[in-house]
Structure formats: structure tokens, C-alpha cells
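Asker: Here is a sequence together with a model predicted from it:
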Amino acid sequence: MKIGILALQGDFAEHISMLKQIGVDTVEVRLPKHLDGLDGLIMPGGESTTIGKLAVAYDLMEPLKQFGKSHAVWGTCAGAIFLSKDASSDQPLLGLMNIKVQRNAFGRQVESFETDLEIDELMKATGTEHPYHAVFIRAPIIESVSGNVKVLAALDDGRIVAAQEGRWLATSFHPELTSDARFHEFFISLVS
Amino acid sequence: MEIKIATWTEKKGLAQMLKGGVIMDVVNAEQAKIAEDAGACAVMALERVPADIRADGGVARMSDPDMILKIMDAVSIPVMAKCRIGHFVEAQILEAIGVDYIDESEVLTPADEEHHILKHAFKVPFVCGCRNIGEALRRIGEGAAMIRTKGEAGTGDVVEAVRHARSVIGSIRQLQGMNAEELMTFAKNNGAPYELVKEVKTHGRMPVVNFAAGGVATPADAALMMQLGVDGVFVGSGIFKSGDPARRAAAIVKSVTHYQDASILAEVSRNLGEAMVGRNVSQMPEAERLAGRGW
């Protein structure tokens, strides 16, 4: 199995080292040709406007959409914004997943936070019982979902922070910044 | 549900989101928009770019908060701002207006010639400059959650940026070959906190994200720094002191993503117009050099 990591900008190296820990091979994706032969794709945290502009500049938009239609794709933070149908702003989006996101939904950096989430689907998939410690950085929220999207996690106030639609996964937080590989294992289970 | 804010993970984490990106100096909202449209991953709001600070002389201080707030309103990407070395009240003001990162910067006139700010005392994360590993680890010890090699700001001469990046990265490599009893001597000789020296030895990299800064003026300069092993690039005077800022900014963004692809670097280097007029650092009197500020 080979997983592509969109490496235009952001914390792609953190995803690569997380997958290495669980024994999965990775390829850095910067150009359309790098998608050949991949089984799934992770789009990392970073700045979604920067990632979008670089994807447009190197003709990645259409190849990424086509790849996503038949493969597992996971977006964390900026990656989740890029995966969404609607981000209420004028920026390039893949428009695959039926979620509407709001960028910087918690305010500026000093409002960034960490918290524990109970994510039943994740605990079931990995046979574990402890909560998932989530790191939010200038994070987006998933304002609303439609179609076949399943909500995986929400904060106490009901704001959605993780969702799944078939083999697509969106998280507003950063599993790649923790030492807990369960989300990466869960994604790999969607690939295979 | 317990919520924790301003943790070390949060502070370091924002810098991790900036990796593989370009942070651009901007002096007003219009420039900030140009930078964002070109693909900058963050902007540094300041009243004068380093080249102008050099030309004007006098005391360089924190920028007017009003000007920084206008830039924060104009863009959706993170906004950084500079305070003087040791000027913790300027830092308190910048935290109060909500900037995303503070640069305790040698480009401004130092307010304290012995001490830096105790950055752990703040909620907002800090980036600091360094010339070598000792300086980098002292700043991290004080709470800097991101490091940039200093280079020589406002010159358009990349030579100091290369010197500082090679020094830091070379020291990391050197540490890998050392055994446990050599680490304390390394810490002593480099003026570096022992615990952080051990951490660098264990992980084989800096404990926080490390960008290059100070003298980057072309896509080739930016890619050079990336190939030397930094995580991203600050560009100050190099963009808005050039003939066609929007075009040069976009080209430098592309060169940082595709830093290993010479054919893309060749493509983005074409027809960029005039680069900033450089100043040769080797012919610059010691008193004019900014990198020596910092203790």
C-alpha cells in the first residue's frame, strides 16, 4: 500500500512520520504525476489559501478531484477545507465532500486549544476505549453536513470537528501533531 | 470537556502549519493582500522593511497597532509582528491586539542589551533569530516556539543566511556523532541549555520549526535555503523592494514548494524584473550589521 501526502505546503512531514510509525509507505505529491499508483491521499494542515493556489498553478485541481472520486482521502484542518464543497470564501476547493466549513472559526492563534474527544467510530475501529486528544490550531469547524456525511465528533456546544463520507475523512484538528496513531490507523482501514 | 489554551504544542504547532511556506514582510493592507494572493503562508506586519530601516537610521520600534490591525483585517492568513529584543511591554501590546506570532527581532533597535523576553510567560507564540545552535537553543529555552536563522536583513545578500543555516544544521549533524559524556561540553562551548542539547541529539533535529531569513531576494535563494535544510523562508525587503512584487512573491512561493525541481526553478526565475538593489555584506561596517544583536 502506498499513501500520497499532498506536499505543497504545511505539516506534510508530520503525516509522513506518523505513517512510517505504523509501517505505511508514503509518497510526497507536488505534481499530477505523483498521484500515479497511490492507494489513498492525505492533505495536511497548513494554509488552505496557499495550498489551493499552488494546486491551481501546477494543474493539480482536476487530477486531485478525479483521484478523490475513486480513492480514500483525508484532510486535516487546511486539508479538510480544501476537501469541502463550501468554505464561504473565494478560494480554490476540491469540492468533493458534502460539508460546509468555516475557516478560523475559533478566532486567532491565542484562542487555539487542545481537548479530549469521545469518538465512538474511532474507538470501535481501533478496539480502544480512551478518548482522543485533539489539537486545534486556528481551526475551522464543519458548519453543516449534507448527503451521506456521518458526524464523527463534536465539541460540547455541538460544533462538528470530524466527519466521514464513505472513504473521505475531514478533521478540524491535527492527529499528526500527537503521538496517538489511531486516526491514521482508522484512515488506513478506509483505504484497504 | 476540558479545554487547554496556549500550550507548548499549540505554540509550536502553528509554526508547523507554516512549514514549506513563505512569510513576507508587508507595510500596509495592500501589500498584505498582494502577499496573500501570491500564496504567502503568513505575513509580517511592520512599518518599514529592513532595507528602509537601514536607510533611515534612528531608533526602530514596534509598529503602530492601528497599522497592524488593518493588516489583520485585510487577510485570512496568520499575521506576525515585531517587537524589540527585551521589550516585553511591546510584546504585551502585540498580544493584546491578537497577532498570531511575535518576532522578537534584531531588525528593531534592542531595548535590553543583556536579556531577551521570557517568552514562556505569554500566550502568544514567539519566533526569534539565531546565528548558531547555542543562540537558537537559548531562545527556545526562553520560550521561542519557532526559530529563524538571522542572515543579514535588508541587504538582499544571502551569504549570512547561508552561514547561519549551515552553522545550525552542521551542529545538529555534529551532535549525532557525539556520545553522552560529550554533550555537557558541547552545551558549555556553545552556551546552550543542556536539556535542549540532549533533545536535539535524541531527535536529530531542532525542537521547533526553523526558517531561514535575512537576505533572500530570488527564487534561487529561497530554494538554496530549503535545500540546505530549513523548513521555510522569510522574505523581507526582497519582495516589495523589487520591480514586480506580485510576480516575484508568487515565484518565491513556488520555489519553496518545488525547491528540489530545477526545471520548475528555472521556469519561475524567468522575467521577474529587477531584483532589489543589494548591499554586499562583506563590505559593510560591523556597526551596520544587525545579526550581532541578540545575546
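Answerer: Yep, that arrived.
Asker: So is stretch B:9-16 next to chain A?
Answerer: Yes. Residues of stretch B:9-16 contacting chain A under Cβ under 8 Å from any Cβ of the partner chain: B:9-10, B:13-14, B:16. C-beta: built from backbone N, CA, C; applies to glycine.
Asker: Most neighbours among these, which one is it?
Answerer: Neighbour counts for those (other Cβ atoms under 10 Å in any protein chain shown) peak at B:Gly13, which has 27 neighbours.
Asker: wait, that residue sits on A:Glu114?
Answerer: No. Contact criterion Cβ atoms under 8 Å: B:Gly13 and A:Glu114 do not qualify, at 9.2 Å.
Asker: For the two, list the residues in contact with both.
Answerer: A:Val135 (Cβ atoms under 8 Å, 6 or more residues apart in numbering or on different chains).
Asker: OK, contacts around B:Ala251?
Answerer: By Cβ under 8 Å, 6+ apart, the contact list for B:Ala251 reads B:219, B:268-269, B:272.
Asker: Now do the contacts for A:Glu165.
Answerer: With the criterion set at Cβ under 8 Å, 6+ apart, A:Glu165 makes contact with A:97-99, A:147-150.
Asker: List phi and psi for it.
Answerer: phi -130, psi 100 (degrees, to the nearest 10).
Asker: And the pLDDT for it?
Answerer: At A:Glu165, the pLDDT value in this model is 98.
Asker: If it is in a bridge, with which residues?
Answerer: Note on A:Glu165: beta-bridge partners by DSSP bridges are A:Trp168.
Asker: Reduced to three states, what does the residue nearest the centre of chain A come out as?
Answerer: Centroid check for chain A by Cα atoms, centre = their mean gives A:Gly75 as the closest residue, at 1.6 Å. The assignment at A:Gly75 comes out as strand when based on DSSP: H, G, I helix; E, B strand; the rest coil.
Asker: Quick check: it vs B:Gly86, distance?
Answerer: Distance, A:Gly75 to B:Gly86, using Cβ to Cβ, to the nearest Å: 41 Å.
Asker: so B:Val43, which of the three states?
Answerer: B:Val43 ends up strand, using three-state DSSP.
Asker: Contact partners for it?
Answerer: Counting by Cβ under 8 Å, 6+ apart, B:Val43 makes contact with B:23-26, B:32, B:35-36, B:71, B:75, B:77-80.
Asker: The helix or strand of chain A with the lowest mean pLDDT: how far from the chain's middle?
Answerer: Least confident element among the helices and strands of chain A, by mean pLDDT, DSSP states H and E: helix A:120-126 (a mean of 94). When distances are taken as Cα atoms, centre = their mean, to the nearest Å, helix A:120-126 is centred 17 Å away from the chain's centroid.
Asker: what's the spacing between the residue lying closest to the residue nearest to the centre of chain A once chain neighbours are set aside and chain B?
Answerer: Leaving aside its chain neighbours, A:Gly75 sits nearest to A:Leu83 (3.9 Å; criterion: Cβ to Cβ, 6 or more residues apart in numbering or on different chains). Using Cβ to the nearest Cβ, to the nearest Å, we find A:Leu83 at a distance of 17 Å from chain B.
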